[in-house]
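Okay, here's the prediction I keep looking at, along with the sequence it came from:
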Amino acid sequence: MSEPVSWNDQRVFLAVIEEGSLAGAARRLGLSHPTVRARVAALEKALGTTLFTRSINGLRPTDHALELCAAARSMSAASNLFIRQAAAPFGEAAGIVRLSLSVFNGVEVAPPLIAALRRSHPRIRIELVLSNVAADLLAGEADIAIRNTQPLQAALVARKVTPIALGLYAAKSYLLRRGRPSSLGDLTAHDLIGPDRSLRDMAVVEHLWSELDRARFVLRTDSHPAVTAAVRAGVGIGVIQVPVAERDSTLERVVPEFDVAILDTWIVTHEDLRTQPRVRVVFDALIAAFSDAS
């Protein structure tokens, strides 16, 4: 290594990899295109290596760059965690809490919980990380996560809340138009909304209805918020979290005695963060809210 390596240059490097272009990285970081190019060049010079090659699709990271990417992401997460902790007034339930959860929970479940939390703790601010890929809490990618699988790392603190049932729902307008199925067998005569390529969701469908032809789905999507929106619009019958659907007076559960699946749910944080007031307040509020709503 010929020169000291600047964290700012590493931050630009990570943005270029994740955005796929100098222009995308510039927009994300609020920098000019020439500045991003210069910082990438400075990092390559300091490391004595080539990090990117040009292709018709933009910049292509070299194998060496891909090897360095995980370390850069860990450094970025640690830097962001440092900022969140430093910005929180010592000993007070105030500051930023970064919350990781699925896209569906972020769209359908989190907003009313955040609204209630803000009323009781107005100095708390939330950063939502919406992804169906679990955030790495050990690396500081988030302060708290809502997960449907039990974490196994000893450094994580997890509290299991009431399991969430998944049920079959349709818009009342759809049922008025097409009739109400009284059994699973009746579903074959109805418009169904189902998964597209998600192996996990397809496995559930095949386990429940092995005789169901995938071609029966009038709409296929792996987006759970899209399924919910389509059901509300009257497209057909689909699977929705029961607590969410029961809050919507336009929806009605079909074959109500049947649970499509039961989702075990955990609220998770790092043991080093559990006692911080800003994290403790949100952690406890999520446990209470998920227990009450399920």
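Everything's here; your move.

how about the strands of this protein, start to end?
Per DSSP state E, the chain carries strands over the ranges 52-55, 58-61, 95-101, 124-130, 144-147, 156-171, 192-194, 217-220, 238-241, 251-254, 261-270.

Take these and write them to CSV, including distance to P4 and mean neighbour count.
Glycine gets a C-beta too; all of them are placed from N, C-alpha and C. Shown next, in CSV, are the strands of the chain (distance: least, CB to CB, whole Å; neighbours: other CB atoms under 10 Å):
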stretch, distance to P4, mean neighbour count
strand 52-55, 21, 11
strand 58-61, 22, 16
strand 95-101, 30, 23
strand 124-130, 31, 16
strand 144-147, 35, 22
strand 156-171, 35, 19
strand 192-194, 55, 23
strand 217-220, 52, 16
strand 238-241, 51, 24
strand 251-254, 59, 19
strand 261-270, 31, 19
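
Among the ones you listed, which comes closest to S32?
Of all the strands of the chain, strand 58-61 sits nearest to S32, with 16.7 Å by CB to CB.

And for that closest one, what's in contact with it?
Contacts with strand 58-61, where a contact means CB atoms under 8 Å, 6 or more residues apart in numbering, come from 16-17, 20-22, 51-54, 69.

Which of the strands of the chain sits closest to A115?
The closest of the strands of the chain to A115 is strand 124-130. By CB to CB, the value is 10.4 Å.

and the gap between the residue most central in space within the chain and L101?
Note on the chain: the residue nearest the mean C-alpha position is S131, at 2.3 Å, using CA atoms, centre = their mean. Using CB to CB, to the nearest Å, one gets 8 Å for the distance from S131 to L101.

ok, A170 touching A230?
No - between A170 and A230 there is no contact under CB atoms under 8 Å: 10.5 Å.

joint contacts of these two?
Joint contacts of A170 and A230 (CB under 8 Å, 6+ apart) are 236, 238.

could you point out the longest helix in the chain?
Using DSSP state H to define each element, the chain has its longest helix at helix 63-87.

So what's the predicted local confidence for M202?
pLDDT recorded at M202 is 85.

Ok, R216 next?
80.

Excluding chain neighbours, what is closest to it?
Using CB to CB, 6 or more residues apart in numbering and skipping the chain neighbours, the partner closest in space to R216 is L192 (5.6 Å).

For R253, see how far away the one you found is.
Taking CB to CB, one finds L192 at 15 Å from R253.

One more: G48?
Plainly put, G48 is 63 Å away from R253 if you go by CB to CB.

Tell me how many other residues surround L47.
L47 has 19 neighbouring residues, counting by other CB atoms under 10 Å.

Please disregard the earlier target; I meant A77.
Counted with other CB under 10 Å, the neighbours of A77 add up to 19.

Make residue 1 into 46 and carry on from there
I'll keep to 46 as the first residue from here, and by that count the last item is A122.

what's the closest non-adjacent residue to it?
Once chain neighbours are set aside, the closest to A122 by CB to CB, 6+ apart is G185, at 4.1 Å.

Now that neighbour. Its backbone dihedrals?
phi 80, psi 20 (degrees, to the nearest 10).

contacting residues around it?
Neighbouring residues of G185 by CB under 8 Å, 6+ apart: 119, 122-123, 125-126, 315.

quick one, domains of this structure?
What the record gives for the chain is the domain set 52-129, 136-207+309-338, 209-306, from automatic domain parsing.
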